[in-house]
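> Structure of the sequence below:
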Amino acid sequence: MGSALGLALVFAVAAMLSETGRHDYLEIMAPGFVVGAIIGFLTQKTGTPVPAKRSS
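Have a look, this model is predicted:
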């Protein structure tokens, strides 16, 4: 999930033209994918546990 969110957020930046008139998708989206994957992994691995509800 984190990698998909990273790609979605970085796509808007990658869609803009650079000074040379090119779209640099790979150069921008690859690091965004990696950072999103790392953050998604760490969030699932070390996220805050949800307290269990007590039945009364």
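> drop to CA atoms for contacts and neighbour counts, all remaining ones
OK.
> pLDDT of the longest helix along the chain, averaged?
Secondary structure assigned by DSSP state H gives helix 25-46 as the longest helix of the chain. Taken as a whole, helix 25-46 has a mean pLDDT of 82.
> Check which residues of that helix are buried.
For helix 25-46, burial by neighbour count (16 or more other C-alpha atoms under 10 Å) applies to 28-29, 32-33, 35-37, 39-40.
> Farthest pair within these?
The distance between the two most remote of the buried residues of helix 25-46 (C-alpha to C-alpha) is 18.6 Å, for 28 and 40.
> does the nearest residue to residue 37 once chain neighbours are set aside count as helix, strand or coil?
Nearest non-adjacent residue to residue 37, counting by C-alpha to C-alpha, 6 or more residues apart in numbering: residue 3, 4.2 Å away. With DSSP: H, G, I helix; E, B strand; the rest coil as the basis, residue 3 sits in helix.
> Distance of residue 3 relative to residue 36?
Residue 3 is 4 Å from residue 36, where distance means C-alpha to C-alpha, to the nearest Å.
> And for residue 23?
Using C-alpha to C-alpha, we find residue 23 at a distance of 21 Å from residue 36.
> now swap in residue 7 and tell me
Residue 7 is 8 Å from residue 36, by C-alpha to C-alpha.
> Next: residue 11.
For residue 11, the distance to residue 36 equals 13 Å [C-alpha to C-alpha].
> which residues are common contacts for these two?
Common neighbours of residue 11 and residue 36, using C-alpha atoms under 8 Å, 6 or more residues apart in numbering, do not exist here.
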